[in-house]
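K.L.:
next come a sequence and a model predicted from it.
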Amino acid sequence: MAISNKTDSSFFQRVIRGIGPAIIVACIVLGPGSILTSSKVGCQFGFELAWILVAAGVLMFGAIATASRVGVSLEQSPFTELACRLGRPFAVLVGINVFLIASCFQYSNNLGVLAAIEPLVELTPVTRALILLGLNLFIVACLFGVQKLYRRIEHLMMFLMGLMLLGFLVNLMLARPSLIGLLAGLVPGLPDGLSGGFFPRLEAASDSSPPTMVDPWITVQGLIVTSFSIAGAFYQAHLVREKGWTTDQTRHGLVDSFIGTAVLIGVTLMIMATSATVLSKRIAPEDLKSAGDVAIQLEPLFGSAAKWLFCIGILAGAISSFLVNSILGGTFLADGLGQNARIDSKWTKIYTIGALAIGMVVALVTTPDGRVPLIIFAQAMTVLGGPLLAFSLLYLAIQKESSGKRIADAWMIGLTAIGAIVVMVLAMRTLFRICLATFG
C-alpha cells in the first residue's frame with residue numbers, strides 16, 4: 001500500500017512539473033472576447049459547430065507543442081534566432097506588429113473587467129475609471145516590485161483558471177445540456193445559416209439606404225481565432241525558456257501542451273454548451289454585446305447565485321488575459337528589437353506598461369463608435385501579423401539541431417503547417433472584409 005502511494009505521488013508530481021507555460025497561454029486566449037464569441041455561437045447555432053472548436057483545439061495543440069520544442073531547442077531567444085537567419089528587420093517587423101495588436105486589443109480586456117462587475121454592482125463613470133486606473137497601477141507596481149515574476153504569474157494563472165472552471169462548470173451543470181446533442185455537434189457539418197458563402201458580401205436595401213454587409217461567418221471566424229491563437233501559441237517558446245526547461249524536458253512540453261489546450265477547449269466548450277442549452281432560440285445572438293450580457297441573460301433561469309459564479313469566471317478570464325496579453329506584447333517587442341526579452345528585464349516591463357497604458361486610455365476616453373477605427377487597425381495588423389508569426393514558427397520548427405535532426409517532430413510540423421494555412425485563409429478573409437467595408 002505504501003509503495004502504491006509513493007508511486008501515485010511521484011506520478012502526480014511528474015504531471016505537476018509538466019504543466020505551467022501552456023496554462024498561461026490558455027489564459028491569454030480565454031479572455032472576454034472568447035467567452036462572448038463562444039456564447040454567441042452556442043446561442044445562434046446550438047451544438048452544431050462544436051466540431052470546429054475541437055478542430056481548432058487540435059491545431060492549437062500542434063502549434064503549442066511546436067513552439068515548446070522550438071523554445072527548448074534554440075540557443076538564443078526566438079526572435080534573435082529569426083534575426084540571425086532572416087535579418088533583424090524581419091524580427092523587428094514581427095515584434096512591432098504583435099505589440100500593436102496586443103496594445104489595440106488590450107482595451108477589450110479593460111472593458112471585460114468592467115463587464116464582469118457591472119451585472120453585480122452599478123458602476124458610475126467615476127468608479128469605472130477608478131477601477132481601471134487602480135488595476136493598471138497595481139499591475140505596474142507588481143511588475144517592478146515582485147521578484148521572479150514568471151513563477152508568480154504561473155501560480156496566479158492556475159488559480160484564475162481554476163476560478164473559470166468552477167464558475168462555468170456550475171452553470172453547465174445547472175443547464176443540463178443534451179449529451180446526444182453535444183456528441184452530434186462533433187460530427188462535421190454546416191448549419192443552414194452558413195450556406196450563403198464563406199466571404200462577406202454587400203446586399204442592397206429595399207429603400208434608398210446604403211447596402212449592408214452580410215457576413216454569416218464572422219462569428220465562426222471569431223470562434224476559430226479565439227481558440228486557435230498563433231500569437232499565444234508562439235509565446236510558448238518564450239515561456240518554456242522562462243520555466244527553465246531544456247531538451248531533457250521535451251516530455252514535459254507535450255504534457256503541458258496537451259493539458260493547456262484541453263483546459264482552453266474544455267472551458268470554451270462548457271460556455272458554448274451552456275449557451276446552446278439555455279439561450280439558443282430564446283434570444284437573438286446580436287443582443288449579446290458583452291460577456292456580462294450573457295450573465296444577465298442566465299439570471300432569470302439560474303438565479304443570482306449562478307450569475308455571480310458566471311461573472312466570477314468572466315472576471316478571472318478578463319484579469320488573466322489582461323495581465324498576460326500585455327506582457328506578451330512587451331516580450332515580443334523587446335525580443336524583436338534585440339533587447340533582453342525575459343519577463344524580469346526592464347525592457348519587457350517598459351513595453352508592457354506601454355501596452356497597458358494604450359488599452360486603459362482607449363477604454364476610458366473613446367465611445368463605442370470611436371473604437372471602430374481601432375478595431376479596423378487591429379484587424380489590419382492581424383492580417384499581416386498572423387501569417388508572419390505562423391511562417392516564423394514553422395520556419396524555426398524545420399531548422400536542424402547540431403545532430404542533424406529537425407527541431408520539431410514531423411507531426412508537429414504537419415499540424416503547424418495546416419494551422420499556418422488556416423491563419424492565412426482567415427487573414428485573406430479579414431482583408432476582404434476590410435476592403436469591402438472601406439471601399440464598398
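P.N.:
That came through, no problem.
K.L.:
residues contacting residue 432?
P.N.:
By CB atoms under 8 Å, 6 or more residues apart in numbering, the residues touching residue 432 are 199, 200. In this view, the C-beta of every residue, glycine as well, is placed from N, C-alpha and C.
K.L.:
where do the strands sit along the chain?
P.N.:
Under the criterion DSSP state E, the chain carries strands at the ranges 201-203, 212-214.
K.L.:
which residue sits closest to residue 64, ignoring its sequence neighbours?
P.N.:
Excluding the flanking residues, the one nearest residue 64 by CB to CB, 6 or more residues apart in numbering is residue 257, at 4.3 Å.
K.L.:
ok, that neighbour touching residue 58?
P.N.:
No: at 11.5 Å, residue 257 does not count as touching residue 58 under the criterion of CB atoms under 8 Å.
K.L.:
more neighbours, the two?
P.N.:
The residue with more neighbours, out of residue 257 and residue 58, is residue 257; 29 against 15, by other CB atoms under 10 Å.
K.L.:
give me the neighbour count for residue 390.
P.N.:
Using other CB under 10 Å, residue 390 is surrounded by 24 other residues.
K.L.:
gap between the closest residue to it other than its chain neighbours and residue 353?
P.N.:
The spatial neighbour of residue 390 that comes closest, neighbours along the chain excluded (CB to CB, 6+ apart), is residue 420 at 3.8 Å. As judged by CB to CB, to the nearest Å, residue 420 and residue 353 stand 32 Å apart.
K.L.:
those two - which one has more neighbours?
P.N.:
Neighbours were counted for residue 420 and for residue 353 using other CB under 10 Å; residue 420 has more, 21 against 17.
K.L.:
so that one makes contact with residue 395?
P.N.:
No: look at residue 420 against residue 395 with CB under 8 Å: they stay out of range, at 10.0 Å.
K.L.:
check contacts around the residue nearest to residue 94 when sequence neighbours are not counted.
P.N.:
Nearest non-adjacent residue to residue 94, counting by CB to CB, 6+ apart: residue 388, 5.1 Å away. Contacts for residue 388 were tallied using CB under 8 Å, 6+ apart; they are 93, 94, 97.
K.L.:
for those residues, pick the one with the most neighbours.
P.N.:
Greatest neighbour count in those, by other CB under 10 Å, goes to residue 94: 26 neighbours.
K.L.:
count of residues packed around residue 262?
P.N.:
The burial count for residue 262: 14, using other CB under 10 Å.
K.L.:
okay, now the closest residue to it other than its chain neighbours: neighbour count?
P.N.:
Among residues not flanking residue 262 along the chain, residue 57 sits closest, at 7.7 Å (CB to CB, 6+ apart). Using other CB under 10 Å, residue 57 has 19 neighbouring residues.
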